[in-house]
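K.L.:
heads up, no residue letters with this:
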């Protein structure tokens, strides 16, 4: 995705923000990846206001296919070129029971960032008219080779809004254009330390799929698990909390793991930690190539030694396409 196109999308979103007199922020993975100098194939937005109404207007301006999930106050817009813009009303949430789907309520950015899985995904960039969109993120890496030089710590605290703004020093070498990143939970510092950290002790209880996600991110970025995060994860695994998660949600995380270049190492760690059984301990992990492969090819390799009946059971359990039964 060319950066000029993304910049055009941002300008349209800014005009929509002004039209609704609301606050819109780029959040999560896009901010994280730009800080790390990595490419992103989607854009996550949080709206302090009516996110679904904003999504409909953006859809009207950009076209594509819009899916609205009213229960969760979210929408997903897939453009004709494949680029995805996820739009959500700023939310807070409650989990009635461990591993259940959350009940969400409209809230503000502060609450929305607290509900996220890891600190590195709890970063936000404001799109208000007085903020400069970081035009040079795409070509100038802030954390080249995961080494941090430009972040000024400790961050500047805006007590009035209870946000932490991490400001960068634009040097002749980096020529960075990052003006401010809202970081309430030390995500930038965790990137600097190369660690995955949850925001609170109940994180893996609320959503046990974060166990699978934490391992996936750790291998993708070459990060380690923060001390307490490791402790809370081990506790959640011992309590078998992943068994409470529905098969489709496990499938989604399994497929995302297969999409990773380091899929083999991720699955090996699943097995080492005793959680591969949630998927299937009989998967032929050794057949996975360390090089990038299509998910379909990897899945066929994993199921190579399954009997026809075993394949049918596996495919039906995780609601996978019937072509994998062959």
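P.N.:
That came in fine, so what should we check first? This is a predicted model, so every value here is computed, not measured.

K.L.:
what pLDDT is listed against the residue lying closest to residue 201 once chain neighbours are set aside?
P.N.:
Leaving out its chain neighbours, the residue that sits closest to residue 201 by C-beta to C-beta, 6 or more residues apart in numbering is residue 232, at 5.7 Å. Every residue, glycine included, has its C-beta placed from N, CA and C. Looking at residue 232, its pLDDT reads 98.

K.L.:
how about the strands of the stretch 151-300 of the chain, start to end?
P.N.:
With DSSP state E, counting those that start in this stretch, the ranges of strands along the stretch 151-300 of the chain come out as 156-158, 163-166, 181-183, 195-196, 224-225.

K.L.:
correct me if wrong, but residue 26 is in a strand.
P.N.:
Yes - Residue 26: assigned to a strand according to DSSP: H, G, I helix; E, B strand; the rest coil.

K.L.:
just checking, the residue nearest to residue 201 touches residue 203?
P.N.:
Yes - contact criterion C-beta atoms under 8 Å: residue 232 and residue 203 qualify, at 6.8 Å.

K.L.:
from the contact counts, what lies against the helix or strand hosting residue 93?
P.N.:
Using DSSP states H and E, residue 93 maps to strand 91-94. If contacts are counted by 3 or more C-beta pairs under 8 Å, 6 or more residues apart in numbering; DSSP states H and E, strand 91-94 sits against strand 103-106, helix 109-114.

K.L.:
now do 7 Å
P.N.:
strand 103-106 (3 or more C-beta pairs under 7 Å, 6 or more residues apart in numbering; DSSP states H and E).

K.L.:
mind listing what the strand it packs on pairs with, with the direction of each?
P.N.:
strand 91-94 (antiparallel) (DSSP bridges).

K.L.:
can you mark which positions in the partner strand are buried?
P.N.:
Residues of strand 91-94 classed as buried by neighbour count (16 or more other C-beta atoms under 10 Å): 91-93.

K.L.:
TSV for those residues, including distance to residue 226?
P.N.:
TSV is the format used below for the buried residues of strand 91-94 (distance: C-beta to C-beta, whole Å):
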residue	distance to residue 226
91	25
92	24
93	23
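
K.L.:
now, which of the residues you listed sits nearest residue 41?
P.N.:
For the buried residues of strand 91-94, the minimum distance to residue 41 (C-beta to C-beta) is 23.5 Å, reached by residue 91.

K.L.:
chain neighbours aside, what residue packs nearest to that closest one?
P.N.:
Going by C-beta to C-beta, 6+ apart, residue 91 has residue 104 as its nearest residue, at 4.5 Å.

K.L.:
swap in residue 253?
P.N.:
Nearest to residue 253 is residue 212, by C-beta to C-beta, 6+ apart, at 4.3 Å.

K.L.:
how many neighbours does that neighbour have?
P.N.:
25 (other C-beta atoms under 10 Å).

K.L.:
please apply the same query to residue 48.
P.N.:
Counted with other C-beta under 10 Å, residue 48 comes out at 18.

K.L.:
what sits against it?
P.N.:
For residue 48, the contact set (C-beta atoms under 7 Å, 6 or more residues apart in numbering) comprises 22-23, 90, 108-109.

K.L.:
of those residues, grab the buried ones for PyMOL.
P.N.:
The buried subset of those, as determined by 16+ other C-beta under 10 Å, is captured in PyMOL by this line:
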select buried, resi 22+23+90+109
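
K.L.:
picking that back up, dump the buried residues of strand 91-94 into JSON lines; add pLDDT and distance to residue 85 as well.
P.N.:
JSON lines is the format used below for the buried residues of strand 91-94 (pLDDT from 0 to 100; distance: C-beta to C-beta, whole Å):
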{"residue": "91", "pLDDT": "96", "distance to residue 85": "17"}
{"residue": "92", "pLDDT": "96", "distance to residue 85": "23"}
{"residue": "93", "pLDDT": "95", "distance to residue 85": "22"}
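
K.L.:
what is the nearest of these to residue 27?
P.N.:
For these, the nearest to residue 27 is residue 91 (11.6 Å; C-beta to C-beta).

K.L.:
list the contacts of that closest one.
P.N.:
Per C-beta under 7 Å, 6+ apart, neighbours of residue 91: 73, 104-107, 112, 115.
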